[in-house]
Each structure stands twice: as structure tokens, then as C-alpha cells.
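**Student:** With the input below, show me the fold.
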Amino acid sequence: MIRSSSHRLLIVVSIVLITGSINGKTLAEPLLPSMVKVPAGDFVLGSTEYEDTQPQKRVNVAEFYVSQYEVTRAEFARFADSTGYAVPQTCYHEIGKWWFEQESEGNWTNNAINQHELEPVSCVGYDAAVAYTEWLQVETGMPYRLLSEAEWEYLATQFASPSDSVCDAANLADQRAESVAQRQFHTSYINLIGIESCDDRAGTVSVVGQYAPDKLGIYDLIGNVNEFVSDCYVENYADMPTSGRAVYTKSCETVVLRGGAWHWPAWPVRIRDAKPRNWIGVLEGFRLALDTAEHIAVPASQGSELRNALSQYRQQRVIPPPLPDKPEGLTANVAGNDISLNWDTDKVAGHCVILANQQPGGRFDIIGFSDKPGFKDTFRAQRAYQYVVANVQNNAIGPYSLPVDIALEPLPVAPTLPATHFVAMDNALVVPCGADTECVTGPRSGSGATLLTYEFAIEKPGNYLLSAKGGGEVTFTAEIAGQTRVVSLSDGAMEYLALSKGIQRLTLITEQSGWHLDTLHLTKDN
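**Tutor:** Coordinates of the predicted model:
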């Protein structure tokens, strides 16, 4: 993310004010959280849209306190300094072409994303989050803990505030995030993870409390970092207690997270996420809860140190200017291997960036820049693909134009055809399946049908054999020339087709997941 010099100066100031580091000596007293009281109530937990959110249950939630903010790096620093807790030293935090591809050296103080002490702590994991609450219990005499999953959903469903735009209320993957992804990380959200069509002014994680709170004054419940809750993950809500308490299992190898993060568009509030208990990532953090009782009361003054630091940050924060407008009227003129792109001039600001993908609906990469509303290129791939353009202003890439398609010559009949050479796709992803190869998988959205369409140039009419290779237990419905067949990846069986001369369009459809399609095989049955 591009940050101003004033922002970097503020980081230094915050280290002194928040962590309490003076003349090299760190004060390890807790930085107390700012808490709000949540009234008791009942609500319907779960949804019929997902298998693991059923059966729906009416849950009675007792009154409790919840922290206004996700636990910050400044707060966690007091714990780490006081206890010497052995925080993990590797984390999923470095970004590559396919985002967080592998775990690498890094931790909560030193990773590729975090820069400010008032950002939520990450790269610590579930066990460290629980250890933090236990330390806070000892230091304060108050029974701090993580939220239960039911409490989190109660907050998200019963106290959300209406807003004109999701970007007013949450830090999510959006147009600003796509700009930062392309310029800083050389990757993309478009046609891969997806974005919200608005601008929240943050490209990655943000300092806590920068977006509109809910009706109780709770910030960042949606987005920013994905929040560990107390619960061990179970496959459904059959044994979920109606008291709103957390669910624990004997092994608890997998734990629950809720709310999503800056790396994704807004999730439906009832959707669940699960990670191995030992998962350490830069997208995951936590917030605090506290039971109420006669002898437990959180004074209004508690958390003033944190609130004052956030107020100071807001006064000094440099808000980036709006993104430039989206170009319009993109066209492509193809002459042999030469391609001329042109677009309207009335919404051109500064200069433009030109991007292309490797297949329709695929991820876009920057291929060039232009100070004029035009760009010349040569044919880039032996498959259909698309171009888009965007304005660049103030070191930020604006929203993309509508794409223009470059058609693909129909595939010849051949023993082996790459699965990525489709002419159209829906709800699918192209992903790496080896050092130098790519394959297709789905569904991209997590559920629903995946459709892949291919075109073949049939030179000789007759009987043909169709099969597919890849991985996973999946069957595709194959439709071509008025014929329907079932193609399986698991057995590699060949299906007979009668095809006439000309261009034939093959559509593969499945609603299954957990598969990857590597190649298609269409040969004439002699």
C-alpha cells in the first residue's frame, strides 16, 4: 500500500504512546480494551443456504460485554512483553501471483502487511488468542474470553447499522484493493476472489475503528481481519447449545472464524469459516468478550488510552483522494496478429493502464501503459482472452472498463487439449497445477454450477471419443450437438459422440467441488 510520510511518522508516535516504550524500557501492564454491553436477546442462528449452518435454532443469548475493536498489535505487545509468549515465527503473509501461496518466515511484529500499531494483530493464531485472554484474566481479575460463534452471529444479525455502501461500514476487497493488488503485489482480485464495486480507501488491513460502527458502537465486525471465536468447528449445528455458549470438542483440531477480512468481498453474515487450529495467517485476528455478573462491571473510562490513540490517529490520518473514473467505449480492431485498442477520451485522466487476461473470465495482468486513448498489441495467446483499460491518477488505478473479447479459433481435434482453452466459463477458476501448467477448478463462488464451454473444428464427420483427465471425484454433464453424455474424471471412460463437419460447441456442467480439470481428449473413432 502507498503510504504518505506523515503516516510513517505517526507509526513512530504510536509506538511511544501505545506500547509504552520509553528509553528502551517497555511497560507491560495491559492496554485495557474498550468494551460495550450487549443486551440479552434471542435470535435464529444458522441458515438453510449452507450445509454446515443447519439446522437453524432459536438461541437465547445472555447479556455480555464485547470489545469495540479487534485486538490491536499495541494491545498484544503488552502481553508478549509481559509473558515472553512463544509467538509463531512463520505465517501466511507474503503475496504472490495466487495470493497467499505458502507459509514463510514472519510474525505479528514483522510481516508483509502490517505497518501500524493500531492495526489488528494477526499472524498469532487461535492458541495465542486464547493465551492473551487468559493473561488478561490474571492481570485484571476479569474473565475475558473470545466471543462464541453464536454471540458473533447475534451481533452481526441483530445490531447491524444500515449504510449507503458496504465500503462505509467495512474494510473489504474493493476497487481500492484491486488498485493496490496490481501496483504493489502484481496480482488481482478481479475474476479470482472478486471485489465490492466501491472504494473503502484501504488497500489492505486498516487501523481499527475507521469505518461506521454498528448500533452498539462495535467496529469492524465485518471485514478487516477474520475473527477467531471460541468454538471448535463441527460440521453442523445439530449439537449447538441454545444458550449461545461456545461448542468445544475433545480434539478441537479445527476452529471457527467469522466475519471475513480485507482480502475478500463481504461474506453473508451467517457463513462460517474454519481453519486448522495451528493455522497462522495475516488475515486472522480476534476480539474480546466478557460475561456480566453482579461483581463485574466495566467502567466507561476503561479503554480511554486506546480510544485517545485512535482519536489522534483519525486527526492525523491522510485520506487518499478518490479513484479516477472508469474509461468507457473500449473497442478492439484485429488485423491478422495486430490488435488496436481504442477508448473514449472524455473520461481519461492522466494516463491509462492496459490489462489482459489469459482466458475470458480470467485474472487480469498489466501489459502496458498509454498517455493516449489507444494501444497497439499483438495476438497474445492461442485461446480467447480479454482486454480492459483503467485510468491512473495519484498513483492509483481506477475501476476497469468493460472488457473487450478477442475470439479464439475453434480447437482442432487432438488427443490432448488443455482444459484452460475454453471460450467461456462461469463460476470457475484457472489455477496452477504444477510448475509450468494450469488447470481449471470450481466452483469459484463456493457453491452453484460450474460451466465450461469449448469450440471444436470438426473437419470430418463421424464418430468421436470424448474423455477428460484431472483430479477429484467429479462427473460432468457434457452437451454437444444435441447429445448429452456423462464424463467422469475418476474412471477416465470415453464417451461416444456423433459429430458433423463444422464448428461444434461443447459445454461441461457440474455442481460438484473438490476437483481440477487438466485436459480434454477428443479423437476420431476409426
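**Student:** Excluding covalently adjacent residues, which one is nearest to residue 376?
**Tutor:** Closest residue in space to residue 376, ignoring its immediate chain neighbours: residue 340 at 5.6 Å, by CB to CB, 6 or more residues apart in numbering. Where you see a C-beta, it was placed from the backbone N, CA and C, and this is true even at glycine.
**Student:** What lies in contact with the helix or strand containing that neighbour?
**Tutor:** Secondary-structure element containing residue 340, defined by DSSP states H and E: strand 338-342. Residues outside strand 338-342 that contact it (CB atoms under 8 Å, 6 or more residues apart in numbering): 329-333, 354, 373-379, 387, 389, 404, 406.
**Student:** Would you pull up how far that strand lies from the middle of the chain?
**Tutor:** Relative to its parent chain, strand 338-342 has a centroid offset of 34 Å by CA atoms, centre = their mean, to the nearest Å.
**Student:** cool, stretch 127-139 as well?
**Tutor:** Distance, centroid of stretch 127-139 to centroid of chain: 28 Å (CA atoms, centre = their mean).
**Student:** mind checking pLDDT for the residue nearest in space to the middle of the chain?
**Tutor:** The residue lying closest to the centre of the chain (CA atoms, centre = their mean) is residue 264, at 2.6 Å. For residue 264, the model assigns a pLDDT of 96.
**Student:** Distance of it relative to residue 271?
**Tutor:** Using CB to CB, to the nearest Å, residue 264 is found at 10 Å from residue 271.
**Student:** Between the two, which contacts overlap?
**Tutor:** Common contacts of residue 264 and residue 271 (CB under 8 Å, 6+ apart): none found.
**Student:** any chance you could map the helices in the chain?
**Tutor:** Using DSSP state H, the helices of the chain run over residues 5-18, 73-83, 125-140, 149-158, 166-169, 175-180, 304-316.
**Student:** now these as JSON lines including mean pLDDT, distance to residue 46 and mean neighbour count?
**Tutor:** JSON lines is the format used below for these (pLDDT from 0 to 100; distance: least, CB to CB, whole Å; neighbours: other CB atoms under 10 Å):
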{"stretch": "helix 5-18", "mean pLDDT": "35", "distance to residue 46": "39", "mean neighbour count": "15"}
{"stretch": "helix 73-83", "mean pLDDT": "97", "distance to residue 46": "32", "mean neighbour count": "22"}
{"stretch": "helix 125-140", "mean pLDDT": "98", "distance to residue 46": "22", "mean neighbour count": "19"}
{"stretch": "helix 149-158", "mean pLDDT": "98", "distance to residue 46": "8", "mean neighbour count": "23"}
{"stretch": "helix 166-169", "mean pLDDT": "96", "distance to residue 46": "23", "mean neighbour count": "19"}
{"stretch": "helix 175-180", "mean pLDDT": "98", "distance to residue 46": "30", "mean neighbour count": "25"}
{"stretch": "helix 304-316", "mean pLDDT": "96", "distance to residue 46": "34", "mean neighbour count": "16"}
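**Student:** looking at those, which is closest to residue 429?
**Tutor:** Among these, the nearest to residue 429 by CB to CB is helix 175-180 (16.8 Å).
**Student:** pretty sure residue 212 is touching residue 163, no?
**Tutor:** Yes. Under the criterion of CB atoms under 8 Å, residue 212 makes contact with residue 163 at 5.7 Å.
**Student:** Next, show the common contact partners of these two.
**Tutor:** Common neighbours of residue 212 and residue 163 are listed as residue 169 (criterion: CB under 8 Å, 6+ apart).
**Student:** Dihedrals phi and psi, residue 95?
**Tutor:** Here is the backbone geometry of residue 95 (degrees, to the nearest 10): phi -110, psi 130.
**Student:** Show me the protein divided up by domain.
**Tutor:** Split into domains by automatic domain parsing, the chain comes to 5-316, 331-406, 411-524.
**Student:** Would you mind putting the ones you listed into a markdown table with distance to residue 322 alongside?
**Tutor:** Output for these, formatted as a markdown table (distance: least, CB to CB, whole Å):
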| stretch | distance to residue 322 |
| --- | --- |
| domain 5-316 | 7 |
| domain 331-406 | 9 |
| domain 411-524 | 29 |
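**Student:** hang on, the earlier thing: between the helices of the chain, which one is closest to residue 521.
**Tutor:** Smallest distance to residue 521 across these (CB to CB): 36.9 Å, for helix 175-180.
**Student:** Run through the residues that contact the residue nearest to the centre of the chain.
**Tutor:** 172, 173, 193, 194, 223.
**Student:** Output the below-cut-off pLDDT ranges for the stretch 1-150 of the chain.
**Tutor:** By pLDDT under 70, the weakly predicted segments of the stretch 1-150 of the chain are 1-27.
**Student:** if we can go back for a sec, do you know which of the helices of the chain lies nearest residue 231?
**Tutor:** Between residue 231 and the helices of the chain, the tightest spacing by CB to CB is seen for helix 149-158, at 4.3 Å.
**Student:** rewinding a little: report the buried members of the contacts of strand 338-342.
**Tutor:** 330, 332, 354, 373, 375, 377, 387, 389, 404, 406 (16 or more other CB atoms under 10 Å).
**Student:** one step back: and the contacts of residue 264 as CSV, adding pLDDT?
**Tutor:** Shown next, in CSV, are the contacts of residue 264 (pLDDT from 0 to 100):
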residue, pLDDT
172, 98
173, 98
193, 88
194, 90
223, 98
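**Student:** between those, which is closest to residue 233?
**Tutor:** Checking the contacts of residue 264 against residue 233 with CB to CB, the nearest one is residue 223 at 21.1 Å.
**Student:** pretty sure that closest one contacts residue 171?
**Tutor:** Yes. Here residue 223 reaches residue 171: they are 4.6 Å apart, a contact under CB under 8 Å.
**Student:** which neighbours do these two share?
**Tutor:** With CB under 8 Å, 6+ apart, residue 223 and residue 171 have common neighbours 211, 262.
**Student:** beta partners for the residue nearest to residue 454 when sequence neighbours are not counted?
**Tutor:** Distances taken as CB to CB, 6+ apart place residue 506 nearest to residue 454, at 4.6 Å, with adjacent residues excluded. Beta bridges link residue 506 to residue 454, residue 480 when assigned by DSSP bridges.
**Student:** returning to that earlier point: which of the contacts of residue 264 count as buried?
**Tutor:** Counted by 16+ other CB under 10 Å, these give 172, 173, 193, 223 as buried.
**Student:** wait, which of those residues is closest to residue 413?
**Tutor:** residue 193 (35.7 Å).
**Student:** was I right about the closest one contacting residue 174?
**Tutor:** No. Contact criterion CB under 8 Å: residue 193 and residue 174 do not qualify, at 11.2 Å.
**Student:** so what sits against both of these two?
**Tutor:** Listed as contacting both residue 193 and residue 174 by CB under 8 Å, 6+ apart are residue 265.
**Student:** Can you report how many residues lie near residue 165?
**Tutor:** Look at residue 165: counted by other CB atoms under 10 Å, it has 14 neighbours.
**Student:** how deep is the closest residue in space to it that isn't next to it in sequence tucked in, by neighbour count?
**Tutor:** Closest residue to residue 165 apart from its sequence neighbours, by CB to CB, 6+ apart: residue 198 at 4.8 Å. Counted with other CB under 10 Å, residues neighbouring residue 198 total 16.
**Student:** Settle this for me: residue 198 is touching residue 166, isn't it.
**Tutor:** Yes. Using CB under 8 Å, residue 198 is in contact with residue 166, at 6.5 Å.
**Student:** Tell me which residues touch residue 306, please.
**Tutor:** Each residue near residue 306 by CB under 8 Å, 6+ apart is listed here: 18, 31, 32, 33, 34, 69, 72, 74, 75.
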